[in-house]
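**Q** this is a predicted model, with the sequence first.
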Amino acid sequence: METKGYKNWVIPGGHIPFSSKGREPDLLSQDKIAVLNLNKKSVKLKMTVYYTEEEPVEGYLLEVKGERVRKFRVNDLINPFPVILEKEYSLVIEAEEPVVVQFIRMNTGQRNSALMSTMAFGVE
């Protein structure tokens, strides 16, 4: 059977604005990752957040059940440390088995809200 996805993913352009004009939590400015697990078994993911000036933060642990998709709001990642708002950041995601990762941004900090989505960068 052909493997779909990668074990390692990079999202280089994260940024969560502090201000939001939408109602919480649905229209709060946010970054999300969507993870598709096509494997039969659950897959554990380890994530590291990199910043421009701060030290990297390792140890974010996520899990996606077998043959499921799960979305994670980056805003909600607080353990081991909350992702810093208004700071440029990058994510490196390491999965036990190949998965597919998409990056989604919703910016409601301006009068006209914007939603953007793109595939993360999969690495062999």
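**A** Yep, it's here. Numbers count the residues shown, from 1 in each chain.
**Q** the closest residue in space to Val74 that isn't next to it in sequence: which element?
**A** Once flanking residues are discounted, Val74 sits nearest to Asp31: 4.1 Å by Cβ to Cβ, 6 or more residues apart in numbering. For every residue, glycine as well, the C-beta is placed using N, CA and C. Secondary-structure assignment from DSSP states H and E places Asp31 in strand 30-37.
**Q** now do Tyr60 against Lys87, distance only.
**A** 16 Å (Cβ to Cβ, to the nearest Å).
**Q** what do you get for Val43?
**A** Distance, Val43 to Lys87, using Cβ to Cβ: 28 Å.
**Q** what does Asn75 give?
**A** Counting by Cβ to Cβ, the gap from Asn75 to Lys87 is 13 Å.
**Q** could you do Arg105 as well?
**A** Separation of Arg105 from Lys87 (Cβ to Cβ) stands at 14 Å.
**Q** what about the closest residue to Lys41 other than its chain neighbours, neighbour count?
**A** Nearest residue to Lys41 in three dimensions, chain neighbours excluded: Gly66, at 4.8 Å (Cβ to Cβ, 6+ apart). Number of residues near Gly66 (other Cβ atoms under 10 Å) recorded here: 12.
**Q** do the same with Asn107
**A** If you count neighbours by other Cβ under 10 Å, Asn107 ends up with 20.
**Q** residue contacts, it?
**A** Counting by Cβ atoms under 8 Å, 6 or more residues apart in numbering, Asn107 touches 17, 29, 113-114, 116.
**Q** may I ask which of those residues has the most neighbours?
**A** Busiest of these [other Cβ under 10 Å] is Ser29, holding 22 neighbours.
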